[in-house]
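A.B. asks: Fold the following, please.
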Amino acid sequence: MDLIGLTDEDLMKKVAAHDAEAFQVLVNRYSQKVYACAWRLVSNKTDAEDMTQEVFFKVWRHAEKWSPDAKLSTWLYRILYNHYIDMCRRRKPMENEIPETASSEPSPEQRLLKEAEEREVADAINSFPARQREALILCYHQGLKAKDAADILSVSVGALESLLFRARQTLKDRLLERKETA
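C.D. replies: Numbers count the residues shown, from 1 in each chain. Modelled structure (predicted):
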């Protein structure tokens, strides 16, 4: 049977019955997305890989808890987010830097300017309250819809929009401050 073409709902039914082949299809389908979100939360390859493995371990053990009423990706991100919160409680606060993005052969001067701008933005975002930073990552980096991001953060859509508004305003203010003092 071709499991790759199964819907998420049918795949999860098989995973709940501990079908290892269906689980592998699920991992192949979602592991890159989960890893990308994990990496954005911790900015550390090893921790992001560990978090991704932990998410799928929990899926294997608790697949029957998923409700087809919710998107599977939202449920996976919620598991990831809960694991991240647990990690933060066990560890001292982690730094969350935004990586440099690759561009097509900029001049050394352009590269330095871009790196400086990215550092400024990363420093500003790292100083945000955790909820604002997490809202930015889920909505702008992961591209989640407001409803899905709100579900993951356990807030209303209105509260999420308020977090995003305050984060954007704070980012704007901090970058303007830095520009004026430079």
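A.B. asks: hey, which helix or strand in this protein has the poorest pLDDT?
C.D. replies: Using mean pLDDT, DSSP states H and E, helix 108-126 stands out as the lowest-scoring helix or strand of the chain, at a mean of 76.
A.B. asks: Now do that one: which elements does it pack against?
C.D. replies: helix 130-136, helix 157-181 (3 or more CB pairs under 8 Å, 6 or more residues apart in numbering; DSSP states H and E). (Glycine included, C-beta is placed from N, CA and C.)
A.B. asks: Most tightly packed of these?
C.D. replies: helix 130-136 (a mean of 20; mean count of other CB atoms under 10 Å).
A.B. asks: Let me see the contact set for the residue most central in space within the chain.
C.D. replies: The chain has residue 37 as the residue nearest its centroid, 2.8 Å off, counting by CA atoms, centre = their mean. Going by CB atoms under 8 Å, 6 or more residues apart in numbering, residue 37 touches 77, 80, 137, 138, 141, 142.
A.B. asks: neighbours around residue 85, how many?
C.D. replies: 13 (other CB atoms under 10 Å).
A.B. asks: and the gap between the residue nearest to residue 161 when sequence neighbours are not counted and residue 128?
C.D. replies: Distances taken as CB to CB, 6 or more residues apart in numbering put residue 146 closest to residue 161, at 6.6 Å, once the chain neighbours are dropped. Here the criterion is CB to CB, to the nearest Å. By it, residue 146 lies 18 Å from residue 128.
A.B. asks: Which one's more surrounded, these two?
C.D. replies: residue 128 (19 against 16).
A.B. asks: show me the contacts for the closest residue to the more buried one other than its chain neighbours.
C.D. replies: Nearest non-adjacent residue to residue 128, counting by CB to CB, 6+ apart: residue 167, 5.8 Å away. Applying CB under 8 Å, 6+ apart, we find residue 167 in contact with 125, 128, 132, 133, 135, 136.
A.B. asks: run the last query once more with 7 Å
C.D. replies: By CB atoms under 7 Å, 6 or more residues apart in numbering, the contact list for residue 167 reads 128, 132, 135, 136.
A.B. asks: for residue 68, helix, strand, or coil?
C.D. replies: Under DSSP: H, G, I helix; E, B strand; the rest coil, the three-state class of residue 68 is coil.
A.B. asks: right, and it touches residue 10 too?
C.D. replies: No - Residue 68 lies out of contact with residue 10 (CB atoms under 7 Å); the separation is 9.7 Å.
A.B. asks: Residue 113 - how many residues pack around it?
C.D. replies: Residue 113 - counted by other CB under 10 Å - has 12 other residues nearby.
A.B. asks: circling back: would you format the contacts of residue 167 as JSON lines with distance to residue 49 and pLDDT included?
C.D. replies: Below are these laid out as JSON lines (distance: CB to CB, whole Å; pLDDT from 0 to 100):
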{"residue": "128", "distance to residue 49": "25", "pLDDT": "84"}
{"residue": "132", "distance to residue 49": "26", "pLDDT": "88"}
{"residue": "135", "distance to residue 49": "24", "pLDDT": "88"}
{"residue": "136", "distance to residue 49": "23", "pLDDT": "85"}
